[in-house]
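1. please find the sequence and the predicted model below.
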Amino acid sequence: MTQDNRLAVQSLDDCWNHIGVWSKAGASCPQLESCVHCRNCDHYASAGRLMLERPAPDDYRRQWTDRFARPKQAAEAATDAGLLFRLGDEWFALSSRYVSEVTKMLSIHSLPHCSENLVKGLVNIRGELKLCISIGSALQLDKASSAHFTDHEILERMVLIEKDDQSFVFPVSEVEGIIHYPEHDLLALPPTLANARSKLTTAVVKWRDNQVGILDHELLFYSLAKGLT
């Protein structure tokens with residue numbers, strides 16, 4: 001940029017802000033009669049070219065050099081989201097993608113000639129009858145060995161899970177909500193787990209003072225469907 005251009009930028013007449021269409025006092029420029037809008041004026045176009053051709057600020061190159069010289073931040077680890085719920089004394093999480101609804105406890109209509117170990121009956125969810133199962137039975141869990149105390153009221157809930165054309169409802173002792181956990185927080189299963197639980201649980205993750213079993217949704221739906229045959 002020439003010295004003349006530098007001086008022109010410093011003394012730029014931004015008439016469009018004073019007598020043009022962006023003037024707070026109202027447009028009074030006589031050129032507007034033929035140009036209609038400041039964008040159509042030769043002076044406005046020339047001022048724009050001068051602004052684009054002005055020299056970069058002294059620290060402009062330094063700022064961008066520093067920015068591109070910084071090492072790339074490591075990509076954040078992918079996180080999974082799961083519905084956290086309690087069955088008796090144990091906490092589990094199931095991928096939230098397969099959780100369609102969490103409701104209050106509903107009436108379970110028993111089915112004749114049907115074992116209550118896995119199948120508990122039918123539940124009416126928004127006018128549709130859904131098969132109610134005992135996920136605790138599928139995991140071979142024992143009843144809660146002690147009362148659970150917390151700073152809020154514990155309410156039993158029912159969880160509706162769906163995948164493809166399969167849908168099941170199961171009661172739980174408590175629902176905490178959705179938790180997010182990165183893959184690197186997952187821990188291997190302890191060897192003390194029962195066989196059925198270990199087959200349906202892929203890993204554990206720490207939550208507060210508890211170990212949460214991460215359920216394998218594929219195996220869970222397969223196991224439930226197989227148990228009905």
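-> Okay, I see it. Numbers count the residues shown, from 1 in each chain.
2. where do the strands sit along the protein?
-> 79-87, 90-95, 99-104, 119-125, 128-133, 157-163, 166-172, 174-182, 201-207, 210-215 (DSSP state E).
3. may I see those organised as JSON lines, with distance to Pro57, mean neighbour count and mean pLDDT added?
-> C-beta coordinates here come from the backbone N, C-alpha and C atoms, glycine included. Listed next are the strands of the chain as JSON lines, based on distance: least, Cβ to Cβ, whole Å; neighbours: other Cβ atoms under 10 Å; pLDDT from 0 to 100:
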{"stretch": "strand 79-87", "distance to Pro57": "41", "mean neighbour count": "19", "mean pLDDT": "92"}
{"stretch": "strand 90-95", "distance to Pro57": "51", "mean neighbour count": "21", "mean pLDDT": "94"}
{"stretch": "strand 99-104", "distance to Pro57": "54", "mean neighbour count": "14", "mean pLDDT": "95"}
{"stretch": "strand 119-125", "distance to Pro57": "64", "mean neighbour count": "18", "mean pLDDT": "93"}
{"stretch": "strand 128-133", "distance to Pro57": "66", "mean neighbour count": "18", "mean pLDDT": "94"}
{"stretch": "strand 157-163", "distance to Pro57": "58", "mean neighbour count": "19", "mean pLDDT": "96"}
{"stretch": "strand 166-172", "distance to Pro57": "61", "mean neighbour count": "20", "mean pLDDT": "95"}
{"stretch": "strand 174-182", "distance to Pro57": "41", "mean neighbour count": "15", "mean pLDDT": "92"}
{"stretch": "strand 201-207", "distance to Pro57": "50", "mean neighbour count": "18", "mean pLDDT": "92"}
{"stretch": "strand 210-215", "distance to Pro57": "53", "mean neighbour count": "20", "mean pLDDT": "93"}
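4. export these as CSV, with columns for distance to Pro55.
-> Listed next are those as CSV, based on distance: least, Cβ to Cβ, whole Å:
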stretch, distance to Pro55
strand 79-87, 46
strand 90-95, 56
strand 99-104, 59
strand 119-125, 69
strand 128-133, 71
strand 157-163, 62
strand 166-172, 67
strand 174-182, 47
strand 201-207, 56
strand 210-215, 59
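5. tell me how this protein divides into domains.
-> Residue ranges for the structural domains of the chain, counted by automatic domain parsing, are given in the record as 3-68, 79-144+154-228.
6. Val175 contacts Val102, doesn't it?
-> Yes. Counting by Cβ atoms under 8 Å, Val175 touches Val102, with 5.6 Å between them.
7. need the overlap of contacts for the two.
-> Residues touching both Val175 and Val102 by Cβ atoms under 8 Å, 6 or more residues apart in numbering: Leu83, Arg157, Val159.
8. adding distance to Ala45, write those out as CSV.
-> Formatted as CSV, the shared contacts of Val175 and Val102 follow (distance: Cβ to Cβ, whole Å):
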residue, distance to Ala45
Leu83, 60
Arg157, 67
Val159, 65
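9. among those, which one sits closest to Pro190?
-> The nearest member of those to Pro190, counting by Cβ to Cβ, is Leu83 at 22.4 Å.
10. about what we covered before: for the shared contacts of Val175 and Val102, which one is nearest Ile133?
-> Distance ranking of the shared contacts of Val175 and Val102 against Ile133, using Cβ to Cβ, places Val159 first at 10.7 Å.
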